[in-house]
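In: here are the coordinates; sequence isn't available:
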């Protein structure tokens, strides 16, 4: 980009603000009166939110018998969250699960990595998780922790992340931003009710990011449109569509040296194995949802929702992996799927263009309230159809050279002359389900939730040439029940039991049964908790839980390669979660959470893999963010944050671990009026003390990687209500 197109944030803010002086007098005449807008937008017959997770019915946070966190738009803006990994920092129950800079990211909830096929939702419908999930068109993020078989069927037991889209409103906002690396960011949020029954909202963002990692600068363009149509007095149609393109070089993760030692003196600015011919990873994604609700009466409502999600990834990377070709590993005395003891590692030219993931879902529900004698019922019945396809070209994955982590500059090697092959269908997965949930009210103090989901799965996988590889079928009922006690107006106590099912994992290429899939696994979860809402808009929550499922892992054995991927034993995640969100006083606001989690395997047949924490699951996490409104400066808030994680296992036998860390953040927020227009300034500094730490020891395709946390980063943004 030309230097003349690199304005500072201050220049952009002034350019945006100056027209306000000239246009202020004429602006008011073009706006609708507040009284008219309120009259046409409020509908008494729309009691159920348009977007919800749906696992325990349509209750709010307090009446949902599950651990749940809702990050609203205000909190997203205050924390200046731009990525999934940054969102995970705000909740101690979440953590990175292979989240490279420059690539799509994945997270774990309660120690279980989310399944990209079913773990991410937009307005309650599944979306392809292999995309750069944008947040500009999001009103809130709902984080449901734990098993959610009723909501999603076949899925990983960690939970669900549901993005709730913004609805049409009278709004015109411009946000400009930059950071300490000189990035440039702009976003617009414009909404208007065209008629008393038709409203639109448009969001767009343009991001030219300068990464703290050399050669990893990127760009992103995002566009989203939401529409609400009030059809008569009883029906409503909501449509959302968004499109995004991004391009950024992906930064490879580190690996243990010799399979046992953490790399030392790591330069967080360095891109491992950088090659000039390495192209950015391009990701283009489209997400569309439509939902129609109809009130048959004040107590009965139908909802039909359909969703389509598509992500196309052009994967290009000079990938740092293993040491099979390094001198210290060539004789087989050092495991080849780690870096060499002296820091040598191999570079592969990896190219996989047109990697296409599609999610399609149709969901129909009928909800109603009725009584049988003195017992009340909130009944939800529905059907769900879901299809997931993956189309990929035969990739290029060729060794090109070996370098060392201490090299100040990587030697340049010639890329592979090979070219990717033709595209072929690699996966076709179909789920159909029937679900039912009855929230039974016994008196004013007790509720019993009883339901389940009968799911049928038919999944076909194919090899790189499109030949059939496996055909998986299952038909199973997943029960779910919970008991809720309304102790008083402020306190609810609950206990729940849920069953779920997840697909079996694929054996890594370095095992004796490489590329085979193990059978699906059934998980079970017990949870008990309490939720307390204070009059000062403060929500306190606590939950204890235990989730178990069969353990699938690469077992050391006497095979030719030394490992076979098997299912043996059980893994159990037992934990305690605490949360506090809201105002401690009129001036002091808090967003805090803590998680204590024991995740262990037993009866695996490999003694060294038992008796200690599982990989990439710290026993303790904590996250605290405070905002204090200064009494002597109206509109000025001081913010501060603390993030903690205990030591983190980095090898399956527990022989290596990343040390614990404490990271501190700080910031300032300032709100004021400029000629009748609201301006919000937000300065945040993450990792104030520039502390080095390993944020992620997650795995991908059976291999473990180490990702360092970001160094000190400052961000500045200004939002203008036009």
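Out: That came in fine, so what should we check first? The shown structure was predicted, so the numbers you read here are calculated from the model rather than taken from an experiment.
In: neighbours of the closest residue to residue 278 other than its chain neighbours, how many?
Out: In space, and not counting its chain neighbours, residue 278 is closest to residue 318: 4.3 Å by Cβ to Cβ, 6 or more residues apart in numbering. C-beta: built from backbone N, CA, C; applies to glycine. By other Cβ atoms under 10 Å, the residues close to residue 318 number 27.
In: am I right that residue 318 is in a helix?
Out: No. The assignment for residue 318 (DSSP: H, G, I helix; E, B strand; the rest coil) gives strand, which keeps it out of a helix.
In: what bridges to it?
Out: Beta-bridge pairing of residue 318 under DSSP bridges involves residue 349.
In: pretty sure it contacts residue 351?
Out: No. Checked against Cβ atoms under 8 Å, the pair residue 318 and residue 351 is beyond contact range at 10.2 Å.
In: how near is the residue nearest to residue 278 to residue 216?
Out: Relative to residue 216, residue 318 is positioned 12 Å away (Cβ to Cβ, to the nearest Å).
In: now do the phi/psi pair for the most centrally placed residue in the chain.
Out: Nearest to the mean C-alpha position of the chain, counting by Cα atoms, centre = their mean, stands residue 84 at 4.8 Å. Backbone torsions for residue 84, taken as degrees, to the nearest 10, come to phi -60, psi -40.
In: again, but for residue 607
Out: The phi/psi pair for residue 607 (degrees, to the nearest 10) is phi -60, psi -40.
In: ok, the closest residue to residue 444 other than its chain neighbours to residue 62 distance?
Out: With sequence-adjacent residues excluded and distances taken as Cβ to Cβ, 6+ apart, residue 444 is closest to residue 486, at 7.0 Å. For residue 486, the distance to residue 62 (Cβ to Cβ) stands at 9 Å.
In: who touches both of those two?
Out: Residues within reach of residue 486 and of residue 62 at once, by Cβ atoms under 8 Å, 6 or more residues apart in numbering, are residue 492.
In: low-confidence ranges in the stretch 151-300 of the chain?
Out: Counting by pLDDT under 70, the stretch 151-300 of the chain shows low-confidence ranges at 151-152.
In: and the strands in it, which stretches?
Out: Ranges of strands in the stretch 151-300 of the chain, per DSSP state E, counting those that start in this stretch, are 159-165, 171-179, 184-195, 198-209, 218-231, 235-248, 281-295, 300-321.
In: just the buried residues of the last one, please?
Out: Residues of strand 300-321 classed as buried: 301-321 (neighbour count, 16 or more other Cβ atoms under 10 Å).
In: helices and strands around that strand, which ones?
Out: Contacts defined by 3 or more Cβ pairs under 8 Å, 6 or more residues apart in numbering; DSSP states H and E place strand 300-321 against strand 125-126, strand 281-295, strand 344-372.
In: ditto for the fourth one
Out: Applying 3+ Cβ pairs under 8 Å, 6+ apart, one finds that strand 198-209 contacts strand 184-195, strand 218-231.
In: would you list the strands that that strand pairs with, along with their directions?
Out: Partner strands and pairing direction for strand 198-209 (DSSP bridges) are strand 184-195 (antiparallel), strand 218-231 (antiparallel).
In: got those as a markdown table, with distance to residue 554 columns?
Out: As requested, the strands paired with strand 198-209 are exported to a markdown table (distance: least, Cβ to Cβ, whole Å):
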| stretch | distance to residue 554 |
| --- | --- |
| strand 184-195 | 42 |
| strand 218-231 | 34 |
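In: nearest to residue 143, of those strands?
Out: Closest to residue 143 of the strands paired with strand 198-209 is strand 218-231 (Cβ to Cβ; 21.1 Å).
In: now do the buried residues in that closest one.
Out: Quick answer for strand 218-231 (16+ other Cβ under 10 Å): 218, 220, 222-230.
In: return the member of those residues nearest to residue 296.
Out: residue 230 (16.6 Å).
In: right, and that closest one touches residue 194 too?
Out: No. Counting by Cβ under 8 Å, residue 230 stays clear of residue 194, with 11.8 Å between them.
In: picking that back up, what sits against the residue nearest to residue 444?
Out: For residue 486, the contact set (Cβ under 8 Å, 6+ apart) comprises 444-447, 492.
In: in strands only, show me those residues.
Out: In strands, judged by DSSP state E, the following of these are found: 446-447, 492.
In: export those to CSV and append columns for distance to residue 174, pLDDT and neighbour count.
Out: Putting the ones in strands among the contacts of residue 486 into CSV (distance: Cβ to Cβ, whole Å; pLDDT from 0 to 100; neighbours: other Cβ atoms under 10 Å) gives the following:
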residue, distance to residue 174, pLDDT, neighbour count
446, 50, 95, 12
447, 45, 95, 23
492, 41, 96, 24
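In: look up how far residue 433 lies from residue 123.
Out: Distance from residue 123 to residue 433, by Cβ to Cβ: 18 Å.
In: make that residue 672, sorry
Out: When Cβ to Cβ is the yardstick, residue 672 and residue 433 sit 52 Å from each other.
In: got it, and residue 249?
Out: 40 Å.
In: and the closest residue to residue 241 other than its chain neighbours, what is it in contact with?
Out: Nearest non-adjacent residue to residue 241, counting by Cβ to Cβ, 6+ apart: residue 288, 4.7 Å away. By Cβ under 8 Å, 6+ apart, the residues touching residue 288 are 239-242, 307-309.
In: low-confidence ranges in this structure?
Out: For the chain, residues meeting the criterion pLDDT under 70 lie at 1-59, 148-152, 535-536.
In: make it 80
Out: Applying pLDDT under 80 to the chain flags the ranges 1-59, 147-153, 535-536.
In: in it, what residue spans correspond to helices?
Out: 9-27, 34-41, 73-79, 84-88, 149-152 (DSSP state H).
In: okay but residue 376 is in contact with residue 438, surely?
Out: No. With contact defined as Cβ under 8 Å, residue 376 does not count as touching residue 438 (10.2 Å).
In: the nearest residue to residue 93 once chain neighbours are set aside pairs with what?
Out: Leaving aside its sequence neighbours, residue 93 sits nearest to residue 595 (Cβ to Cβ, 6+ apart; 4.8 Å). With DSSP bridges as the criterion, residue 595 is bridged to residue 577, residue 621.
In: so how far is residue 277 from residue 303?
Out: Taken as Cβ to Cβ, the span from residue 303 to residue 277 is 51 Å.
In: any idea how far residue 694 lies from residue 333?
Out: Using Cβ to Cβ, residue 694 is found at 26 Å from residue 333.
In: between the two, who's got more neighbours?
Out: residue 694 (22 against 9).
In: against residue 649, how distant is the more buried one?
Out: 11 Å.
In: what are the buried residues along stretch 179-195?
Out: 179, 183-187, 189, 191-193.
In: give me the residues contacting it.
Out: In this structure, residues lying in contact with stretch 179-195 by Cβ under 8 Å, 6+ apart are 6-7, 12, 32, 37, 40-41, 136, 166, 168-178, 199-212, 712-717.
In: list the contacts for residue 696?
Out: By Cβ under 8 Å, 6+ apart, the residues touching residue 696 are 95-99, 253, 616, 705-707.
In: next, the nearest residue to the residue nearest to the centre of the chain once chain neighbours are set aside: phi, psi?
Out: If the residues on either side of it in the chain are set aside, residue 84 comes closest to residue 105, at 4.5 Å by Cβ to Cβ, 6+ apart. Dihedral angles of residue 105 (phi, psi; degrees, to the nearest 10) stand at phi -120, psi 150.
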